[in-house]
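> need a 3D model of the sequence below.
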Amino acid sequence: MKFWNSVAAIAWKDILSELRTKEIISSVLVFAVLVLVIFNFAFNLAPDLILQIAPGILWVAFAFSGVLSLNRAFIPEKEENCLEGLMGCPVGREAIYVGKALGSLFFMVLVEAVILPVFALLFNIAVLQSGLITVTLLATIGFVAVGTIFSALAVNTRAREMVLPILFLPVVSPVIIAAVKASAISLNGQSWSDMTIWLAIILAFDIIYLTVPFLVFPYVIEE
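Predicted coordinates for the structure are as follows:
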């Protein structure tokens, strides 16, 4: 119970701070919507062809807006010299990781909840589908799990804005590819059984990258 109380306190601190400043949400939302608008004007295709490229467009918006969001996960503490204070709190370092990951997950889900209706409006595609929503949530969990550990790793470097995507995107590419494939199956109205293999890949990725970062985070944050 003490562990989860610490996790909740750290996550709530990040959420409350962002709700006051709106630095992450505003910039990420503007970027994501701009990506969708640009792709909408770039492609003037028939509806059946739109369905072929729509999953890729959607996950480009998700992935790059997620990188922008995760890049800020540890920067406020670093810039205000509070990272050492956070590490000095009487909680396990694992609680810091889980709290930060939950805060980042909250922001990404919030952004995705805005992006999906905009995507549906611009491309005239129904997105309120259980398959698409499930894929989005599962892939976002894995995305955030990996991104949080790499954000902690990059925060101590000078070019952290460049280091995070360079290190992070190659590692997270399997879950993005699986999410694109599963999203395409869902948007085309196919059954759950058709996306089983892609869901299995996403779930395996989630399990691995929720476990490994949890174990190595205390060593990463020490560096």
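> tell me which helix or strand the closest residue to G99 other than its chain neighbours sits in.
Distances taken as C-beta to C-beta, 6 or more residues apart in numbering place I10 nearest to G99, at 2.7 Å, with adjacent residues excluded. The way it works is simple: take the backbone N, C-alpha and C, and place the C-beta from them, glycine included. For I10, the host element (DSSP states H and E) is helix 2-21.
> give me the buried positions along that helix.
Going by neighbour count (16 or more other C-beta atoms under 10 Å), the buried part of helix 2-21 is 6-7, 10-11, 13-14, 18.
> can you pull out the helices in this protein?
Secondary structure of the chain by DSSP state H: the helices cover 2-21, 23-42, 47-70, 75-79, 83-87, 93-123, 130-154, 160-187, 196-222.
> next, the angle helix 130-154 makes with the last one.
The reference is to helix 196-222. Orientation of helix 196-222 against helix 130-154 (axes from the mean of the first three to the mean of the last three C-alpha atoms, to 10 degrees) gives an angle of 20 degrees.
> distance from the chain centre to helix 196-222, please.
Taking C-alpha atoms, centre = their mean, to the nearest Å, one finds the center of helix 196-222 at 13 Å from the center of the full chain.
> what do you get for stretch 184-193?
From the chain centre to the centre of stretch 184-193 is a distance of 23 Å (C-alpha atoms, centre = their mean).
> contacts only, for V175.
By C-beta atoms under 8 Å, 6 or more residues apart in numbering, the contact set of V175 is 139, 142-143, 146, 201-202, 205-206.
> give the contact list for the nearest residue to F106 once chain neighbours are set aside.
Excluding the flanking residues, the one nearest F106 by C-beta to C-beta, 6+ apart is I15, at 5.8 Å. Going by C-beta under 8 Å, 6+ apart, I15 touches 103, 106-107.
> pull out the buried residues from the residues you listed.
For the contacts of I15, a burial check counting by 16+ other C-beta under 10 Å picks out 103, 106-107.
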